[in-house]
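1. predicted coordinates and the sequence they were generated for:
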Amino acid sequence: MSAPSSLPPAQGENPAPENEGLAVDTGLKPAGPTPSSSRFQVDLVAEAAGAADKTLASGDKDAPAPEGSEPAAGGEEAKGRFRVVNFVDPSGASPPEAVPAEGFQNGDTVMSEGSLHSSTGGQHHYHYDTHTNTYYLRTFGHNTIDAVPNIDFYRQTAAPLGDKLIRPTLSELHDELDKEPFEDGFANGDELTPAEEAAAKEASEPKGAVKFGWIKGVLVRCMLNIWGVMLFIRMSWIVGQAGIVLSCVIVLMATVVTTITGLSTSAIATNGFVRGGGAYYLISRSLGPEFGGSIGLIFAFANAVAVAMYVVGFAETVVELLASVDCIMTDEINDIRIVGTITVILLLGISVAGMEWEAKAQIFLLVVLITAIFNYFIGSFIPLQSKESQGFFGYDSGIMMENMGPDFRGTESFFSVFAIFFPAATGILAGANISGDLSDPQLAIPRGTLLAILITGIVYLGVAISTGSCIVRDATGNDNDTRSAQIMANCTDAACKFGYDFSSCKSDDGLYNCRYGLQNDFQVMSIVSGFGPIITAGIFSATLSSALASLVSAPKVFQALCKDNIYPGLEMFAKGYGKNNEPLRGYILTFCIALAFILIAQLNIIAPIISNFFLASYALINFSVFHASLANSPGWRPSFKYYNMWVSLAGAVLCCVVMFVINWWAALMTNVIVMGLYIYVSYKKPDVNWGSSTQALTYHQALTHSLHLSSVEDHIKNFRYCTEPTPIYTHGSRRPNFKELSNDQTRYQRWLMKNETKAFYTPVFAEDIREGTQYLLQAAGLGRLRPNTLVIGFKNDWKDGDMMNVETYIQMIHDAFDYQYGAVVLRLKEGLDVSHISEQDDLLSSQEKTSGMKDVVVSIDMKDSDGDSSKPSSKATSVQNSPFLGPTEKSPQTLNVAEQRLLDASQLFKRKQGKGTVDVWWLFDDGGLTLLIPYLLTNKKKWNDCKIRVFIGGKINRIDHDRRAMATLLSKFRIDFSDINVLGDINTKPKKENVTAFEEMIEPYRLKEDDMEQDTAEALKASEPWRITDNELELYRAKTNRQIRLNELLKEHSSTANLIVMSMPLARKGAVSSALYMSWLETLSKDLPPLLLVRGNHQSVLTFYS
């Protein structure tokens, strides 16, 4: 597309406006005269829609401009999407010739300097131009399509009110107008995988699904699963065997394992947006598809079989009740099968009816379960004489002391009793397993899971202490087993002082034959309770709730696994139905598996395998946190901070130990199955890329090993034949000394290692520094280990030297953008070059102490063999004496005050920073690099006392809205901040004295083509391309004023900051001269604390997806 033909070409350099290539000719013209294009700035806006369009098209010149928008002076000849913009005067006065500008909307959607926004139903759609009545693409008054930070740029799905938003690419903002921009298609440069596309489609579907909060969705489910039948029919037996002390130790050991796993689960769940899939989703997105795919399959299978286990437990209790009243239908085994089949059919019906009905059933079962628990504790305070013969005497210190120690009988031991109890603690993932049905998984999973572990742990400890304090281990149940008064003095058992003699329970051969007491009666809690049938109802509730939770969990996990297409042939189970995307096919499959095991009716062998499957999942969740922390990936930023990588590793080891304690052969079988599935998935290599910690650790290890290898001398035994596919070009007035180049590389690399600087030194021969930089930008790195950002120092002496050096300096930045690199410019007030005052290492020769452009990452020896220092030599290198490296020893020479300050400033990033701030001026969305760099810096020990403050541009009447929007974005990125400042006065005109100072600064560099012949001007511009044309200066007047105003705001808000990190302004290549761009950078960054100007390559480096 071309610009409207009515815009006359500018003289001299012909700097076209940055939005020229995006103009759309619709035939609309604004009211008012059409002055020269060199006098006014044009800004890109979207067509107005509806009534606004009709009003403007009809040329309604009397329509008043909305509040908050400024009129245009005169009116630029524009068509469709162009309008004239003038700067806001603080006094609010308008030019007398002002007329209403085209395209005005209400004050909420149009910035005071003419923002780029989109309108409802706009006919032309661009990557950055979407739904209407928003100003997410607000600019700050100059001709750019640069977008401000917006959460929708980081979504993998459509925006809430329209299509998926994509930020302008670096090519669209920077490339010359006669070049075609890159068609990346996605803001992060990566295409979505089929699984991500499915997730995106699912997320973009109309809402209406039932979502649960942390209580109903997580807390209730976890409590019901943890409070299983073990609480009512095994806890008292465990106390009888292990005693009160060891029983509490068993409960605490299990609680420690589950708490560590809960902390790890919370960390993973808060490291980004969590979709459905529970444990599978958490593990696969953290460790990758190999571990995730293997554990997801067995975890789903374990939940399906767990349904059968819980249903059979329920059926056995029912059959026992039927047998007590002589109502057996056929025989015991077949009755269990009949009752179990009927039960699982009813549970399936509840599940298929929808999550809402299932949640209501869970609430009802929880009420019954809590009632049963209270019923027991109330009954324990009401001792009845009729219960004394069965061993219940009420709370007594004698009974408590007698039951304090262990009394293992038969083949039981501490670990065998622990193995029996631990399956009761394996329900902590019940809430996480329905992560896709939670309204806020990042809040619900940590809060609900950890609170459930705490509550259930306290109840288990309470039951252990209570039963051990009021019930004896053995009782006959015979009211006649009382002692006579004459032998009471010789009685030592706790029951003796209540007048009972239960010594007959122990036979002469050491065996026990009584039916009652902690050791003998599994239903002792029913005896103690105030009303026995309520305990039976509690048992029913515990079994049915656990079965129902497993029946829901298994299909949800399996559906997520099938959506990712890890195992070919299972895609049919990925389909969901209804507003909640219910996996009906998964429900049927789970029902069939559960029914098959219910018909076996003997689960004593399969139960340990189920426990081991759960434990394998817990072990991998813990290991995931350790692995992610070890990889130290920038993407590992859990908002849940109460975790530790070593604690998580200990949790993983504990889970593995418990697996073998419970059943060693089942543990071996579990490991074999996991490894088999892992090998299969690794062999199939599914086409997914989730940014797992495995990838991050691979990068980390490759980098670490490469650094280690760089300090190792070559040895003949380790010779490898290697070829370099990238050609090395040499230029210069002399033949390069390649031997010297090789020696320099070795010496400099040793210097880096000596200074503990993790970097690689790569020298190249080139004609000048720009050419050397181009070589490095193209050839540096190996495979995927390639740099992505060019870091250079600010050229403090640019006004003193040859302006062609400035041209070279600015062109280096343009080259970085052309190669799709990010760019970072560091400026210190004192400067960066300390080579003339610092003590250099023996590795650096006198020729390597250079002047000139020492500020850049790609430094250069300015002297060639002839001693001519006026031009760069053919030697350039990728390392320089910067504040990141810094001298290791202070120069022995006497330093003046200025030199001492320069030397101290060069150590900025090596010093421990006190409490202060790192101010982030995130004005434009570059993919997040401007925000990521300060986050990574404040994570280092020397900077971790500094807090991040964020500054964004905004509008005076939407400050609260903008602050909340940015706070939401930062919280989703899991980046801590101390404050957010919305600059509502960013559109105020800068002070006159600062504008005058800028004009005086650029005066020597202006072309002043209006004062000379056209041919003379063109010749001068060709010989000195850095000169600023009059047309260019007028065209970019607003952008110039923006830099001046921003410097005023920086001095006002960030003069005391430890470091300022700010969005670097972009200049379109071929449209903005080097002198003007350098003047912008100078004006923006002068007289400030240490400043980093940052511009990423507009590919996302931050994400809120896990």
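-> Looks like it came in fine. Residues are numbered from 1 along each chain as shown.
2. okay, now the unreliable bits of the stretch 651-800 of the chain?
-> 711, 714-739, 741 (pLDDT under 70).
3. can we see that at 80?
-> Confidence mapping of the stretch 651-800 of the chain against pLDDT under 80 gives the ranges 687-701, 703-762, 782-784.
4. the stretch 1001-1106 of the chain now?
-> In the stretch 1001-1106 of the chain (pLDDT under 80), the answer is 1105-1106.
5. which stretches in it count as helices?
-> 1014-1023, 1030-1035, 1037-1053, 1074-1085 (DSSP state H, counting those that start in this stretch).
6. what distance separates the longest one from the centre of its chain?
-> It stands for helix 1037-1053. 33 Å (Cα atoms, centre = their mean, to the nearest Å).
7. give me the buried positions along it.
-> Under the neighbour-count criterion of 16 or more other Cβ atoms under 10 Å, helix 1037-1053 has 1037-1047, 1049-1050, 1053 buried. Quick note: C-beta positions are derived from backbone N, CA and C, even for glycine.
8. what of stretch 307-323?
-> For stretch 307-323, by 16+ other Cβ under 10 Å, it's 307-319.
9. so which of those are in helices?
-> Among those, the members found in helices (DSSP state H) are 307-319.
10. with pLDDT as extra columns, can I get those in a markdown table?
-> Shown next, in a markdown table, are those (pLDDT from 0 to 100):
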| residue | pLDDT |
| --- | --- |
| V307 | 89 |
| A308 | 88 |
| M309 | 84 |
| Y310 | 86 |
| V311 | 89 |
| V312 | 86 |
| G313 | 81 |
| F314 | 86 |
| A315 | 87 |
| E316 | 82 |
| T317 | 82 |
| V318 | 87 |
| V319 | 86 |
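11. closest one to T467 out of these, please.
-> Within those, the smallest distance to T467 is 19.6 Å, found for T317 (Cβ to Cβ).
12. ok, that closest one - contacts?
-> 229, 536, 539-540, 543 (Cβ atoms under 8 Å, 6 or more residues apart in numbering).
13. can you add distance to Y821 and give the residues you listed back as CSV?
-> Formatted as CSV, the entries for the contacts of T317 read as follows, by distance: Cβ to Cβ, whole Å:
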residue, distance to Y821
V229, 62
T536, 71
I539, 66
F540, 66
T543, 62
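14. G916 versus N1058, what's the distance?
-> 4 Å (Cβ to Cβ, to the nearest Å).
15. brain fart, A495
-> For A495 relative to G916 (Cβ to Cβ), the value is 71 Å.
16. between these two, which is the more surrounded one?
-> Ranked by neighbour count (other Cβ atoms under 10 Å), A495 and G916 place A495 first, with 27 against 15.
17. related to what we said a few turns ago, and which of the ones in helices among the buried residues of stretch 307-323 is nearest to E993?
-> V307 (78.3 Å).
18. ok, M645 touching V625?
-> Yes: with contact defined as Cβ atoms under 8 Å, M645 reaches V625; the gap is 6.5 Å.
19. neighbour-wise, which of these two wins?
-> Using other Cβ under 10 Å, the more surrounded residue of M645 and V625 is V625, with 31 against 17.
20. pretty sure that one sits in a helix.
-> Yes: using DSSP: H, G, I helix; E, B strand; the rest coil, the assignment for V625 is a helix.
21. just checking, it touches A267?
-> Yes: using Cβ under 8 Å, V625 makes contact with A267 at a distance of 5.1 Å.
22. quick revisit: which of the buried residues of stretch 307-323 lies closest to N612?
-> Among these, and counting by Cβ to Cβ, the member closest to N612 is M309, at 13.3 Å.
23. that closest one touches A607, doesn't it?
-> Yes: counting by Cβ under 8 Å, M309 touches A607, with 5.8 Å between them.
24. so what's in contact with those two at the same time?
-> With Cβ under 8 Å, 6+ apart as the test, M309 and A607 reach no residue in common.
25. show me what contacts the closest residue in space to L970 that isn't next to it in sequence?
-> Nearest residue to L970 in three dimensions, chain neighbours excluded: F977, at 5.5 Å (Cβ to Cβ, 6 or more residues apart in numbering). Remark: with contacts taken as Cβ under 8 Å, 6+ apart, F977 is in contact with 947-950, 967, 970.
26. ok, I151 next?
-> 965, 968-969, 972.
27. same thing with L366?
-> 220, 223-224, 541, 545.
28. now R784
-> Contacts of R784 by Cβ under 8 Å, 6+ apart are Y699.
29. begin at 32, not 1, for the rest of this chat.
-> In the new count, where the first residue is 32, that last one comes out as R815.
30. where's the nearest residue to H731 once chain neighbours are set aside relative to V703, distance?
-> The shortest distance from H731 to any non-neighbouring residue, by Cβ to Cβ, 6+ apart, is to A662 (5.4 Å). Distance from A662 to V703, counting by Cβ to Cβ: 27 Å.
31. same question, G319
-> Counting by Cβ to Cβ, the gap from G319 to V703 is 20 Å.
32. before we move on, what about S411?
-> In terms of Cβ to Cβ, S411 sits 46 Å off from V703.
33. so between those two, which is more surrounded?
-> S411 (21 against 10).
34. ok, and the most crowded of the contacts of L397?
-> Counting by other Cβ under 10 Å, top hit in the contacts of L397: S576 with 28 neighbours.
35. where's that residue relative to I629, distance?
-> 17 Å.
36. then L708?
-> In terms of Cβ to Cβ, L708 sits 26 Å off from I629.
37. compare those two and say which is more crowded by neighbours.
-> Shown here are L708 and I629; by other Cβ under 10 Å, I629 has more neighbours (24 against 20).
38. how about the nearest residue to the more buried one, chain neighbours excluded?
-> I629 sits nearest to G371 (Cβ to Cβ, 6+ apart), 4.1 Å away.
39. what sits in contact with each of V656 and A298?
-> 674, 679.
40. that older thread, how about the contacts made by the residue nearest to H731?
-> Contacts of A662 by Cβ under 8 Å, 6+ apart are 724-725, 727-728, 731.
41. which stretches in the stretch 732-881 of the chain count as helices?
-> Under DSSP H, counting those that start in this stretch, the stretch 732-881 of the chain gives helices at 769-785, 800-810, 834-849.
42. list the buried residues for the shortest one?
-> I take that to be helix 800-810. 800-808, 810.
43. repeat that for the last one.
-> Residues of helix 834-849 classed as buried by neighbour count (16+ other Cβ under 10 Å): 834, 836-849.
44. same check, this time on stretch 707-720
-> Buried-residue list, stretch 707-720, by 16+ other Cβ under 10 Å: 708-709, 712, 717, 719.
45. turn these into JSON lines, including secondary structure and distance to P1121.
-> Shown next, in JSON lines, are those (DSSP: H, G, I helix; E, B strand; the rest coil; distance: Cβ to Cβ, whole Å):
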{"residue": "L708", "secondary structure": "helix", "distance to P1121": "52"}
{"residue": "Y709", "secondary structure": "helix", "distance to P1121": "48"}
{"residue": "V712", "secondary structure": "helix", "distance to P1121": "48"}
{"residue": "P717", "secondary structure": "coil", "distance to P1121": "46"}
{"residue": "V719", "secondary structure": "coil", "distance to P1121": "42"}
